[in-house]
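1. mind looking at a prediction? Sequence and model below.
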Amino acid sequence: MKHSWNVPPKEAIAIQRRLARSIVRETPLPSPSTIAGVDVAYGGGQAQAAAVLFSYPHLDVIDTATARVPLTFPYVPGLLSFREGPAILEALAMMGKLPDLILFDGQGIAHPRRLGIASHIGLLVDRPSIGCAKTRLVGAYEEPGPERGNMSVLNDGEEVIGAVVRTRARVKPVFVSIGHRIGLQDAVHYVLECCRGFRLPEPIRLADKLSKTG
C-alpha cells in the first residue's frame, strides 16, 4: 500500500483509483476504547498535523502529538491527502499506539474517486476511520431537519456515499462518510456520540485547535 507522496497530480489520481479498490465498507465496528481526531494547519511552507487521542466513551484526552513537515505537493482539489498525508502519518506514529478509530476533518469515500483523506490514511494505517467534513465535495442531498440527529443521504448518482448530519440544532450540518473498515451507520453514530455541544466532534475540534497552536 505504500507509495510516494511527491508525485505529479496525474500519478496521484492513478494512485487514488488503485487504492480505492481496497477500501473496506460496511464492516461492523466493535465498540472502540480509544478514538483520535486528526487535523492539519499550514504556515511557513509547512503542514502541521495534530492528533489528539481520547478515551471512549468518556472522551478524556489521553495523548496528543504534532508533526511539522515541509509542503511538497501543491494545492489541487481532490488531492488533499497528498498534501497533508505525510504530516498526519508522522503525528500518528508519535503516539504510543494507534487508536481504535480515527476521525478526520475531511472526506472519506464522499470523494470523486472514493478516496478522500479519511479513506487514504485509514487504509495506509489499517485502522477504522471516518470522514467528517464541514463542506460537500461531491454528491447531492436534501437538507436534513433542524434538530440534532436529523440527517439525509448524500448520493452520487445511484450510489450512497455519505450522510448529511445535523450535529447541533439549527446549525449547519456536517458531511459524514465511510473512511475505511466501518459502515455508514456506525460512522454517523460515532460522530454524534463525539459531539458535545459543538458542531464538530470533540476529537476533530481539539485537533483543529492543536494544529494551529502546536
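-> Yep, that arrived.

2. how about the helices in the protein?
-> 9-20, 80-93, 117-125, 184-193, 202-213 (DSSP state H).

3. for the shortest one, the distance to its chain's centre please.
-> Distance, stretch centre to chain centre, for helix 117-125: 8 Å (C-alpha atoms, centre = their mean, to the nearest Å).

4. which parts of that helix are buried?
-> 117-125 (16 or more other C-beta atoms under 10 Å). Backbone N, C-alpha and C define where each C-beta goes, glycine included.

5. repeat that for stretch 76-93.
-> 78-92.

6. any low-confidence regions in this protein?
-> 214 (pLDDT under 70).

7. residue closest to the middle of it?
-> F104 (2.2 Å; C-alpha atoms, centre = their mean).

8. now do the strands in the protein.
-> According to DSSP state E, the chain carries its strands in the segments 34-43, 46-55, 61-70, 101-104, 129-133, 151-156, 159-165, 174-180.

9. so the last one versus helix 9-20, what angle?
-> Right, the one you point to is strand 174-180. Using axes from the mean of the first three to the mean of the last three C-alpha atoms, to 10 degrees, one finds that strand 174-180 and helix 9-20 are set 70 degrees apart in direction.

10. any idea how many residues pack against the nearest residue to A87 once chain neighbours are set aside?
-> For A87, ignoring the flanking residues on the chain, the nearest one in space by C-beta to C-beta, 6 or more residues apart in numbering is A49 at 3.6 Å. A49: 27 surrounding residues under other C-beta atoms under 10 Å.

11. try R17
-> R17: 12 neighbours (other C-beta under 10 Å).

12. ok, for it, nearest residue in space, not its chain neighbours?
-> That would be R113: by C-beta to C-beta, 6+ apart, it lies 5.5 Å from R17.
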